[in-house]
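J.: turn this into a model:
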Amino acid sequence: MEHAPAIPFEDLPRWMRQAQRGWDWGLLLALALSLLAAWPFLIQPGLPRTGASENYAFLAADYAAALQEGRLYPRWSAYAQQGYGAPIPHYYPPGPPYAAALIEVLFTNSAVTAVRILYAVAFCLAGTGTYGLVSRHIGARSGLVAAALFVFSPYFGHTAPYILGDLPTVIGIALLAALLWRVDRLLARAAAHDLALVALGTWALLLTHPPLAAVGLSLAAALALHEQAAQRSRVPWVLLGSSMALGLAMAAFYWLPALAERDIVTWQTSAQTAPLRASLKELFQPLPPVDLAELAPAPRFSLGRLAVTAAIVGTASGFLARRAASFLALFFAAGCVLAALSTLAFPAQTWLIGGTALCAAAAGGGTALLAGLLPLRAQRLFAPVLLTALFAASAPVWLVARWPASDHDLTPTAQILYEQQNASSAVLPQGAPLPSTLSRALTSRTSADVLNRVVRASGLQASVIQNGTHTVRLQVSTDAPQRLDLLMAYFPGWQAWSGATPLPLSADPATNLMQLQVPAMNGEVMLTLGPTPPRQYGWLISLSALTILAGLVWFRARRAQADYKESALLPVEEARLLAVSTAAFALILLAFAAPFSPLTLHARPGYKLDGASALRDRTDAGLEAIAFRLDQPTYRPGDHIELTLYWRALRFLTENYQVRVSLQDVTRGTLRYQTTRHSPGGFPTRRWQPYQYVADTYIIPLDPDLPPDDYQIIVEVFACKPVCDLTNRLSFFDSAGNPRGQALTLPVFARVVNAPRL
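T.: So this is what the prediction gives:
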């Protein structure tokens, strides 16, 4: 019996070729690596309390409450500003808290768990997106290496999620990787679903991190220019531009009202928080090991030497192997541009380090091309060995700090208490500008008074029936028309109704709190946040863009698709070896890194205090100065002194304390410099854990005309109850209990000399 001749794979229909490709083991391994990078959010309880993750849990709880009340799109934080309310969701990108709120409402019933899941999803999106982007150009082996380099990069894999708790940046960088993957596929085959995914990716990135969306647009244009120069296919510029423009238009319900109504609010910032800045020197430094005795580690904005080395070697390997050299050079150049922008032009925009890390990882994927220089038998072992070496070299990234379990009370009363204790918003990261409609500071009230919403007045009885996020129902009784003052900040869109009758609602000229004119009545009054013309126009543009996208995708799906060359998959034998390496790494994490691990790979607790000068001076409030570090003994006029004080709490502190450092010359007793008061280490002392130290660094500039002399450094601590009173200074005692006074003078002089510079 004769057999029919086999049809060449290239001549098979597309659906048959897809069926015969089998599993993309590289994609599954990239997903597994991403989950391993996110292991602390999957194993450790709660969230870190030293970053902003808890703030985003508060915000997600606000969004979830609004969704459960039937509000499709929240624009108001009802309990911000110590309960008076603020339009935070109206101005800040809603993507991360909205996604966390959906997870909470639909699955977890816990905002904390929802935020943890969202972090893990972001890691998975970042790893698979990087793999998909790189594997089409260089191969599955290189895609897997690039994915590992990215999810274990110091900034994305450690600093942003665990130190900063910057949920929008983590999700935004992950969406950037996924968007570039979909843009690459759209450029290659212009399929209908790729068109939709690019539009949705642009939309999601704009609702998560608009500045990163601008980076994504630039990188997408660079990728399209690369495709055109490489002449792999005719670049569908119209489709690419249309899909990204539709994504921008679909997000108009957020950005249009936020821009149109930007002058309604004043942006209030915390004076205690110094802005974070990236530096070129720090960019190439390795990530130091975590010190488990340190409460709030300072963030390090570093790419790490591994990523930089891999990017250089990977790009060179592309030219050496004459394969995908232009693709690797593109991302290497883009990484250099973003590195320059993040350290030289915009050092305060530290999120740019995330884009740099993505570009470095994409270029670093080219290191897998070195396998082609090896004998055939050794090529299969190259990727597992390289991945194992990468695991070992990135130990400072995946050996994260351990945080204590916490119930994370997210109730309205807890929000108000958080703001009273920390002097910052509960739903925003510390130092983030707060969009406020209040015209001046208000007298502090208890949370019960504010949540009651009503200022008592003679001849009028009013009480809250329902205190919602965007709706408040009152029971009002009065025999004559009267003004009702409410403890709620006014914002355009708020309306008041008695049945079907609108009631005049205005803002108090002195405070901008709501004032309601009520007639003689005995019934209910409903206050609700309604639309304004910019908000209505934004929704109209968004719905129109969504309709156009649906029509365009339907029209595109009816057309025959161009042929598309899929990337080669990982051989099954190599995938098995890589799976063994990944499984071994997972076992190492469980055995040596998890909180319940019997052994540990963490550095010795307290190692960062090595070389510091001991103090052991206690205050009468339970705050102790345990050590200090001075960068050098002598200085010249015009230099700066770098001083680090190390503090710890001997018990849970009931008040917030602020520190001030002064520089005084010994000969004349003249005060030469004095810092502003701030929380030690930038972390409110009421949130300190006992017996974990906090590093508090100062940069003290020396005047160029400063006379040569010995200068003493004086430290003062002020209690805040809740306002910091300059007269309420803490007293210091030495280790034997002897009083040191209300100022601590460090037992060392900073000597200023006129020696010439070498």
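J.: need phi/psi at A80.
T.: phi -70, psi 170 (degrees, to the nearest 10).
J.: can you confirm L645 is in a strand?
T.: Yes. With DSSP: H, G, I helix; E, B strand; the rest coil as the criterion, L645 is part of a strand.
J.: pLDDT score assigned to it?
T.: L645 carries a pLDDT score of 96 in this model.
J.: any idea how far it is from L746?
T.: In this view, L645 and L746 are 9 Å apart by CB to CB, to the nearest Å. (Each C-beta comes from the backbone N, C-alpha and C, glycine too.)
J.: overlap in contacts of these two?
T.: Both L645 and L746 are contacted by F628, V715, under the criterion CB atoms under 8 Å, 6 or more residues apart in numbering.
J.: so between those two, which is more surrounded?
T.: Just comparing L645 and L746: by other CB atoms under 10 Å the higher neighbour count belongs to L645, 24 against 19.
J.: am I right that the more buried one is in contact with V717?
T.: No. If you go by CB atoms under 8 Å, L645 and V717 don't touch, sitting 10.4 Å apart.
J.: overlap in contacts of the two?
T.: With CB under 8 Å, 6+ apart as the test, L645 and V717 both reach V659.
J.: quick one, phi/psi of V454?
T.: Dihedral pair for V454: phi -120, psi 130, per degrees, to the nearest 10.
J.: any idea what it is bridged to?
T.: Counting by DSSP bridges, V454 is bridged to L486.
J.: the strands in the stretch 351-500 of the chain, which residues?
T.: 434-436, 460-467, 471-478, 482-489, 494-498 (DSSP state E, counting those that start in this stretch).
J.: which residues of the stretch 51-200 of the chain fall in strands?
T.: Going by DSSP E, counting those that start in this stretch, the stretch 51-200 of the chain shows no strands.
J.: tell me where the model's unsure across this protein.
T.: For the chain, the stretches flagged by pLDDT under 70 are 1-22, 231-233, 270-274, 423, 440-448, 560-567, 722-723, 755-758.
J.: show me what the lengthiest helix in it packs onto, helices and strands only.
T.: Counting residues, the longest helix found in the chain (DSSP state H) is helix 111-138. Judged by 3 or more CB pairs under 8 Å, 6 or more residues apart in numbering; DSSP states H and E, helix 111-138 is in contact with helix 25-37, helix 39-43, helix 53-68, helix 95-103, helix 140-151, helix 167-189, helix 325-340, helix 352-364.
J.: excluding chain neighbours, what is closest to R185?
T.: Nearest residue to R185 in three dimensions, chain neighbours excluded: D194, at 4.8 Å (CB to CB, 6 or more residues apart in numbering).
J.: about what we covered before: the helices and strands packed on helix 111-138: which one's closest to L516?
T.: Of all the helices and strands packed on helix 111-138, helix 53-68 sits nearest to L516, with 22.3 Å by CB to CB.
J.: in this structure, which residue is closest to the centre?
T.: Centre of the chain computed as the mean C-alpha position; nearest residue by CA atoms, centre = their mean is D166, 1.4 Å away.
J.: and it, backbone torsions?
T.: Dihedral angles phi and psi of D166 (degrees, to the nearest 10) take the values phi -90, psi 80.
J.: so who does the residue lying closest to it once chain neighbours are set aside touch?
T.: Once flanking residues are discounted, D166 sits nearest to A160: 4.8 Å by CB to CB, 6+ apart. Neighbouring residues of A160 by CB under 8 Å, 6+ apart: D166, T169, V170, I173, W351, G354.
J.: gap between A160 and V464?
T.: Taking CB to CB, one finds A160 at 40 Å from V464.
J.: hmm, A230 is touching S326, no?
T.: Yes. Shown here, A230 and S326 form a contact pair, counting by CB under 8 Å, at 6.0 Å.
J.: over to stretch 526-535 now: how far is its first residue from its last?
T.: 21 Å (CA to CA, to the nearest Å).
J.: hang on, the earlier thing: isn't the residue nearest to R185 right up against R182?
T.: Yes. Counting by CB under 8 Å, R182 is a contact partner of D194 at 5.8 Å.
J.: per the record, what domains does the protein have?
T.: 28-261+281-404+539-560, 447-529, 609-752 (automatic domain parsing).
J.: same for whichever strand in the chain runs longest, what does it pack against?
T.: When the chain is parsed with DSSP state E, its longest strand is strand 709-720. Counting contacts by 3+ CB pairs under 8 Å, 6+ apart, strand 709-720 packs against strand 640-649, strand 656-665, strand 724-729, strand 744-752.
J.: could you dump those strands to TSV with distance to V265?
T.: Listed next are these as TSV, based on distance: least, CB to CB, whole Å:
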stretch	distance to V265
strand 640-649	36
strand 656-665	26
strand 724-729	26
strand 744-752	42
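J.: and A80, how many neighbours does it have?
T.: Other residues close to A80 by other CB under 10 Å number 27.
J.: just the one 3 residues further on next, same as before
T.: Applying other CB under 10 Å, we find 25 residues neighbouring G83.
J.: count of residues packed around the nearest residue to it once chain neighbours are set aside?
T.: By the measure of CB to CB, 6+ apart, the closest residue to G83 outside its immediate chain neighbours is V450, 3.3 Å from it. Residues near V450, counting by other CB under 10 Å, number 21.
J.: my read: V450 touches Y84, true?
T.: Yes. Counting by CB under 8 Å, V450 does reach Y84; the two are 6.5 Å apart.
J.: please point out which parts of the helix or strand P257 falls within sit buried.
T.: Assigned by DSSP states H and E, P257 belongs to helix 252-260. By 16 or more other CB atoms under 10 Å, the buried positions in helix 252-260 come out as A252, F253, Y254, W255, L256, P257, A258.
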